[in-house]
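Participant: here is a sequence with its predicted model. Questions after.
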Amino acid sequence: MRAAAPAAALDAADRLQAAPAAAALPMTAAPTKPELVCPAGSLRALQLAVDAGADAVYLGLKDATNARNFAGLNFDDAQVREGVALAHARGRRVLMALNTFADARDETPWRRAVDRAAELGADALIVADSAVLADARRRHPGLPLHLSVQASATNHEAIRYYRERYGIQRAVLPRVLTLQQVQQLIARCETPVEVFGFGSLCVMVEGRCHLSSYATGQSPNTAGVCSPPAAVRWDEAADGVRARLGGVLIDHYRPGEPRGYPTLCKGRFEVGDLARDYALEEPTSLNTLALLPQLIQAGVAAIKIEGRQRSPAYVAEVTKVWRAAIDSAWAAHEGRGRYSVQPAWDTGLARWAEGQQHTLGAYDRPWR
């Protein structure tokens with residue numbers, strides 16, 4: 001399923017339907033309360049997210065069509081059907097992630113995944129590949145499409161293209177934009193925008209990373225994971241454990257030292273005469289609680305929590321904190337009280353932060 005073919009197959013009616021979006025820049029709409037979108041790597045995580053106050057959950061199938069393709073994670077058809085029924089009974093939505101790029105040798109799994117999402121009652125698809133977008137729009141025109149973060153749309157013109165061409169109804173922004181850039185983008189964008197609020201960071205623009213393919217020969221855009229389990233090796237010795245990815249030594253943990261799942265971007269290396277340390281990215285979690293009023297004022301449509309690969313306990317605790325924070329920030333926006341980050345929120349999130357530390361990431365760049 002190559003990108004050009006399905007896009008070219010759009011008929012004249014599709015193009016005419018999308019054409020009005022090419023008009024003048026939109027008027028900035030009044031802010032609405034952001035939707036809280038939470039991860040579900042299992043049916044249990046989905047249940048806990050709904051119980052803790054998620055407005056929507058996102059999940060993936062047990063195959064390479066989603067970017068968290070780990071053994072033991074994700075959903076089969078029966079679990080999706082049960083999860084959709086549970087969420088809908090509580091008035092919540094289920095979004096299905098088809099956020100890898102279709103294999104040019106055999107696009108069947110992606111076509112089948114689109115059909116399964118429609119049949120199982122998913123409320124929207126989160127898609128990165130333009131060919132998958134075109135296929136879904138053509139064969140299931142009533143199924144809402146969200147542009148995945150993996151599509152790397154970082155400006156309003158890119159998002160406008162996807163809306164005009166494929167009819168997307170929401171765009172998820174990569175985690176490389178400053179708060180000012182997000183504000184400017186939303187002010188010029190006709191499509192609702194979703195941003196990440198909490199979870200692991202990526203040093204790259206999502207969808208454009210070549211580190212994994214360098215070490216393993218497999219891209220996360222197609223294999224579905226940054227570090228395929230088959231490429232990970234732990235070598236134990238008297239002086240500790242060496243972590244290798246595709247044969248590349250990316251870290252050496254001393255005896256008793258905590259170790260995380262090995263990814264090249266968060267490995268420790270000797271660079272020149274410098275001591276071994278994090279050369280690209282230090283393990284840390286994005287936490288934008290302090291920016292929530294500004295994100296609401298900017299008009300963000302949804303706040304996304306990263307972590308489909310994390311435990312149900314992580315999902316429950318993080319969702320609970322963010323539900324309280326969004327409710328408080330929205331009340332303050334409407335003039336009902338004042339918003340401040342509560343110590344209990346930071347305490348609740350601290351235990352789940354990667355590297356036990358938080359950052360505003362690219363949202364705040366004091367060195368500029």
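Facilitator: Okay, I see it.
Participant: phi, psi of the residue lying closest to residue 353 once chain neighbours are set aside?
Facilitator: Across the structure, with Cβ to Cβ, 6 or more residues apart in numbering as the measure, the residue nearest residue 353 apart from its sequence neighbours is residue 285 (3.9 Å). All C-beta spots, glycine's among them, are computed from the backbone N, C-alpha and C. With angles defined as degrees, to the nearest 10, residue 285 shows backbone torsions of phi -110, psi 140.
Participant: next one: residue 285 from residue 47, what distance?
Facilitator: From residue 285 over to residue 47 the distance is 24 Å, taken as Cβ to Cβ, to the nearest Å.
Participant: and for residue 67?
Facilitator: With the distance defined as Cβ to Cβ, residue 67 ends up 23 Å from residue 47.
Participant: of the two, which one has the most company?
Facilitator: residue 67 (26 against 20; other Cβ atoms under 10 Å).
Participant: which residues does the more buried one contact?
Facilitator: The neighbourhood of residue 67, defined by Cβ atoms under 8 Å, 6 or more residues apart in numbering, consists of 60, 97, 99, 100, 150, 220, 221, 224, 225.
Participant: what of residue 360?
Facilitator: When contacts are counted by Cβ under 8 Å, 6+ apart, residue 360 touches 286, 287, 288, 290, 291.
Participant: select the longest strand from this structure.
Facilitator: If you go by DSSP state E, the chain has its longest strand at strand 193-200.
Participant: within its sheet, name the partner strands of the host helix or strand of residue 236 and how each one runs.
Facilitator: Secondary structure from DSSP states H and E places residue 236 in strand 232-237. The pairing partners recorded for strand 232-237 under DSSP bridges are strand 240-245 (antiparallel).
Participant: could you pull up phi and psi at the residue of the chain most remote from its centre?
Facilitator: Within the chain, the residue lying farthest from the chain centre (Cα atoms, centre = their mean) is residue 238, at 39.0 Å. Note on residue 238: its backbone torsions stand at phi -60, psi -30 [degrees, to the nearest 10].
Participant: quick one: contacts of the helix or strand harbouring residue 146?
Facilitator: When elements are assigned from DSSP H and E, residue 146 belongs to strand 145-147. Identification of contacts with strand 145-147 by Cβ under 8 Å, 6+ apart yields 95, 124-128, 133, 136-137, 153, 159, 162, 166-172, 191, 194.
Participant: and it, which strands flank it?
Facilitator: When pairing is defined by DSSP bridges, strand 145-147 lines up against strand 124-127 (parallel), strand 170-172 (parallel).
Participant: what average pLDDT does the biggest helix by length in the chain get?
Facilitator: Here the longest helix in the chain is taken by residue count, with DSSP state H as the criterion, and it is helix 312-333. Here the mean pLDDT over helix 312-333 is 98, rounded to a whole number.
Participant: in that helix, what's buried?
Facilitator: Within helix 312-333, the residues that qualify as buried by neighbour count (16 or more other Cβ atoms under 10 Å) are 312, 314-326, 328-330, 332.
Participant: tell me how far that helix is from the chain's mean position?
Facilitator: Offset of helix 312-333 from its chain centre (Cα atoms, centre = their mean, to the nearest Å): 18 Å.
Participant: for residue 286, helix, strand, or coil?
Facilitator: Using DSSP: H, G, I helix; E, B strand; the rest coil, the structure places residue 286 in strand.
Participant: with residue 38 instead?
Facilitator: Classified using three-state DSSP, residue 38 is strand.
Participant: counting neighbours, what do you get for it?
Facilitator: Considering only other Cβ under 10 Å, residue 38 is surrounded by 30 other residues.
Participant: do the same with the one 5 residues further on
Facilitator: Here the count is done by other Cβ under 10 Å, and residue 43 has 18 residues near it.
Participant: then residue 104?
Facilitator: By other Cβ under 10 Å, the burial measure for residue 104, its neighbour count, is 11.
Participant: now the one 5 residues further on
Facilitator: Taking other Cβ under 10 Å as the neighbour definition, residue 109 ends up with a count of 17.
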